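>>> quick one, what's the 3D model for this:
(2 chains)
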Amino acid sequence: DTEVTQTPKHLVMGMTNKKSLKCEQHMGHRAMYWYKQKAKKPPELMFVYSYEKLSINESVPSRFSPECPNSSLLNLHLHALQPEDSALYLCASSQDEGGNEQFFGPGTRLTVL
Amino acid sequence: GEDVEQSLFLSVREGDSSVINCTYTDSSSTYLYWYKQEPGAGLQLLTYIFSNMDMKQDQRLTVLLNKKDKHLSLRIADTQTGDSAIYFCAESFDSNYQLIWGAGTKLIIKP
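Numbering: from 1, shown residues only, chains lettered A, B, ... in the order given. Here you go, the predicted structure:
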């Protein structure tokens, strides 16, 4: 299994809602990542988990809250988002934090109204 | 600091070869990558090259690395309509999670 899966595929939420994005991989990878990608731009790194511990937070606002319940799962909890947070949210994984191949999921297209 | 540059668009005829170019500033990179992103989709790792190599071939894809000029290219032979996408080059550094990305080149295929 060489796939990273993400759910939901699309999400529309209001600014007062709480929602979660989910990511799963079964490649035995020990590093997992959240990226945000705006249209026609490269992805921007948000968070890195290494061995289920938060390794990097790239100064992301607290309305985004990551969680790594186990080595295969990565969640991104969303609360009180702003319209400018609308973007494609991509999850990726690699063998470890220095891993040279990051495999990406298909993304969740988020729209904040 | 690190910087990776790509031209924003490339237009080629179906059946021709496409050559997408990328330049970077930091020569201490360990790996250089090409990712493909089709409309509405995630990023697909196409290929990567270790920094001490100068060429890698994989079926229709050929990666050339010129370390002296800090230039990376991706050649797609016999370009097909399914190759329409944005192609991102990226570099990484030893023992570092972070990928430094180019802005992406949109490949447009003309019939």
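
>>> surely residue A:82 and residue A:113 touch.
No: Residue A:82 lies out of contact with residue A:113 (C-beta atoms under 8 Å); the separation is 10.6 Å. To be clear about C-beta, it is placed using only N, CA and C from the backbone, and glycine gets the same treatment.

>>> anything in contact with each of those two?
Taking C-beta atoms under 8 Å, 6 or more residues apart in numbering or on different chains as the criterion, residue A:82 and residue A:113 both touch residue A:15.

>>> which pLDDT value belongs to residue B:2?
Listed pLDDT for residue B:2 reads 65.

>>> how far does stretch B:24-38 sit from its chain's centre?
Between the centre of stretch B:24-38 and the centre of its host chain there is 7 Å, according to C-alpha atoms, centre = their mean, to the nearest Å.

>>> any bit of it sitting next to chain A?
Yes: contact between stretch B:24-38 and chain A is present through B:30-31, B:35 (criterion: C-beta under 8 Å from any C-beta of the partner chain).

>>> so what's whichever residue of chain B sits closest to chain A up against?
Taking C-beta to the nearest C-beta as the measure, chain B has residue B:101 as its residue closest to chain A, at 3.5 Å. Contact analysis of residue B:101 by C-beta under 8 Å, 6+ apart lists A:42-43, B:4, B:88-90.

>>> nearest residue to it in space, please, no chain neighbours.
residue A:42 (3.5 Å; C-beta to C-beta, 6 or more residues apart in numbering or on different chains).

>>> what residues does chain B put near chain A?
Counting by C-beta under 8 Å from any C-beta, chain B comes close to chain A at B:30-31, B:35, B:40-45, B:48, B:86, B:88, B:90, B:92, B:94-99, B:101-104, B:106.

>>> how about 10 Å then?
Chain B has residues B:4, B:6, B:8, B:30-31, B:33, B:35, B:37, B:40-45, B:48, B:50, B:86, B:88-90, B:92-104, B:106 near chain A, with proximity defined as C-beta under 10 Å from any C-beta of the partner chain.
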